[in-house]
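need coordinates for the below:
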Amino acid sequence: MSAKKPARNGKPASARTGKLLSRQALSPKLERILDAIYPKYQKLDDHTADATCRWDFVFHMTDWAANLEQLATLYKNPEQFTKAEGEEIVSGFLYHATAHIMEAARLLLDYEPGYVFDSPKPMKRRRKAPAAV
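Have a look, this model is predicted:
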């Protein structure tokens, strides 16, 4: 018996903006550098697990490269973007890159910071009721 997938509730959490790079489009030299960094910080006794974690580290450091390029372009040339485009680029970067960066830090540095800063946490916005006429 197959279950019917429920309809999407709202817009997707992450939107793609512009052309995204595939991992194949990244510089092989970058991947070699990242691959060489891993054993300087980690070496698991289990060779299979070590190779898997090394590959995962490189993946988590490169999968969001297109989002980084878009964000860098926005930062260098903000006048080329509308507010809506800027919002899409920033939110797309944060949605995509954050988890990858955290996982790369965990794999390479055994780093799991949790909440690092003491900023107040955002609350959901409430819509104001329309004024009575």
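
would you mind measuring from the residue nearest to the spatial centre of the chain to residue 67?
The residue lying closest to the centre of the chain (CA atoms, centre = their mean) is residue 97, at 1.2 Å. The gap separating residue 97 from residue 67 is 6 Å, by CB to CB, to the nearest Å. The C-beta positions use only the backbone N, C-alpha and C, and glycine is treated the same way.

tell me where the chain has helices.
For the chain, the helices defined by DSSP state H occupy 28-41, 47-62, 65-76, 83-109.

point out where the chain drops to low pLDDT.
Where the chain drops to pLDDT under 70, the residues are 1-25, 124-133.

quick one on the thing from earlier: shared neighbours, residue 97 and residue 67?
Residues touching both residue 97 and residue 67 (CB atoms under 8 Å, 6 or more residues apart in numbering): there are none.

picking up where we left off before, and the helices of the chain as JSON lines, adding distance to residue 121?
Listed next are the helices of the chain as JSON lines, based on distance: least, CB to CB, whole Å:
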{"stretch": "helix 28-41", "distance to residue 121": "31"}
{"stretch": "helix 47-62", "distance to residue 121": "26"}
{"stretch": "helix 65-76", "distance to residue 121": "23"}
{"stretch": "helix 83-109", "distance to residue 121": "15"}
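
figure out which of the ones you listed is closest to residue 116.
Residue 116 lies closest to helix 83-109 among the helices of the chain, at 11.0 Å (CB to CB).

next, the buried residues of that closest one.
Neighbour counts over helix 83-109 (16 or more other CB atoms under 10 Å) mark 86, 88-89, 92-93, 96-97, 100, 103-108 as buried.

starting at the chain centroid, how far to that helix?
Distance, stretch centre to chain centre, for helix 83-109: 3 Å (CA atoms, centre = their mean, to the nearest Å).

closest to residue 51 among the buried residues of helix 83-109?
When those are compared for distance to residue 51 (CB to CB), residue 107 wins out at 12.3 Å.

which non-adjacent residue is nearest the closest one?
Excluding its sequence neighbours, the residue lying closest to residue 107 (CB to CB, 6 or more residues apart in numbering) is residue 57, at 4.5 Å.
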